[in-house]
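Peer 1: turn this into a structure:
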Amino acid sequence: MTDANMPQLSEASQDHKLDAYIGRVLREQRQAQSLTIADVAERAELSRGMVSRIENGQVSCSLETLHRLTNTLGITLSNLFRNYDIPEGGAQLVKAGEGLEVVRRGTKRGHTYHLLAYDQGPRKLVEPLLITMDDASEIFPTFTHPGTEFIYMLEGKLEYRHGRHTYLLEPGDSLTFKGEIPHGPEHLIEVPIRFLAIINYSDQD
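Peer 2: Numbering: from 1, shown residues only. The predicted structure follows:
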């Protein structure tokens, strides 16, 4: 096999993938409407054999033929192709209670961090944490880090310091701030406390 043949094989493979996709969607739409191949063929003014070959990805149909079929089935061309060639994706699922527990500077009794996502690449872009506190007597150090931090309160009540200011946070409240400025819990008013802390590093060089 020569290099000159490779692009042709690739294009043929791509064409077959498209034909198979079109056929599958048309067949699913026909079956969802309880129509037979004969029904569709008659309404689209095509032969039964042609409709069958299209549904099985055995033939590439013209735009005119495709337009007849989609009109017959009551779907648009944009809807026909909406799921074609979608990236596979790779979402990361962390089930309730399964976040990785991590240790941070100043964390002692009654204070836990659960990391809810783990960056796989060489550069950390975001760090979502579920933070739990249940010891009202704990004294916290101040924290600094690159990026922007977003806090969303889930349970409890606390005063949170950022620079010279303190903020009262209750369930449903949110706080966003630059991580380079010293920050951290100032006073735990009502425990247990749970909040989400999401640190975005993407604006860093």
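Peer 1: from here on, contacts and neighbour counts on C-alpha atoms
Peer 2: Noted.
Peer 1: after the worst-scoring helix or strand of the chain on mean pLDDT, next one along is what?
Peer 2: Among the helical and strand segments of the chain, the one scoring lowest on mean pLDDT, DSSP states H and E is strand 100-102, with a mean of 72. Proceeding C-terminally, strand 100-102 gives way to strand 111-115 as the next helix or strand, assigned by DSSP states H and E.
Peer 1: next secondary structure after that next one?
Peer 2: Towards the C-terminus, the helix or strand next in line after strand 111-115, according to DSSP H and E, is strand 126-133.
Peer 1: that following strand pairs with which strands?
Peer 2: Next to strand 126-133 in the sheet, as set by DSSP bridges, lie strand 111-115 (antiparallel), strand 183-200 (antiparallel).
Peer 1: what's in contact with that strand?
Peer 2: With contact meaning Cα atoms under 8 Å, 6 or more residues apart in numbering, strand 126-133 is reached by 110-119, 191-202.
Peer 1: show me which of those residues are buried.
Peer 2: Taking 16 or more other Cα atoms under 10 Å as the criterion, what is buried in those is 111-117, 192-201.
Peer 1: domains of the protein?
Peer 2: Per automatic domain parsing, the domain ranges recorded for the chain read 7-80, 100-200.
Peer 1: tabulate these (CSV), appending distance to L93.
Peer 2: As requested, the domains of the chain are exported to CSV (distance: least, Cα to Cα, whole Å):
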stretch, distance to L93
domain 7-80, 29
domain 100-200, 8
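Peer 1: ok, the residue nearest the centre of the chain to G163 distance?
Peer 2: The centre of the chain sits closest to A91, judged by Cα atoms, centre = their mean, with a distance of 5.7 Å. Using Cα to Cα, to the nearest Å, A91 is found at 36 Å from G163.
Peer 1: could you do Y113 as well?
Peer 2: From Y113 across to G163, the span is 22 Å (Cα to Cα).
Peer 1: that'll do, ta.
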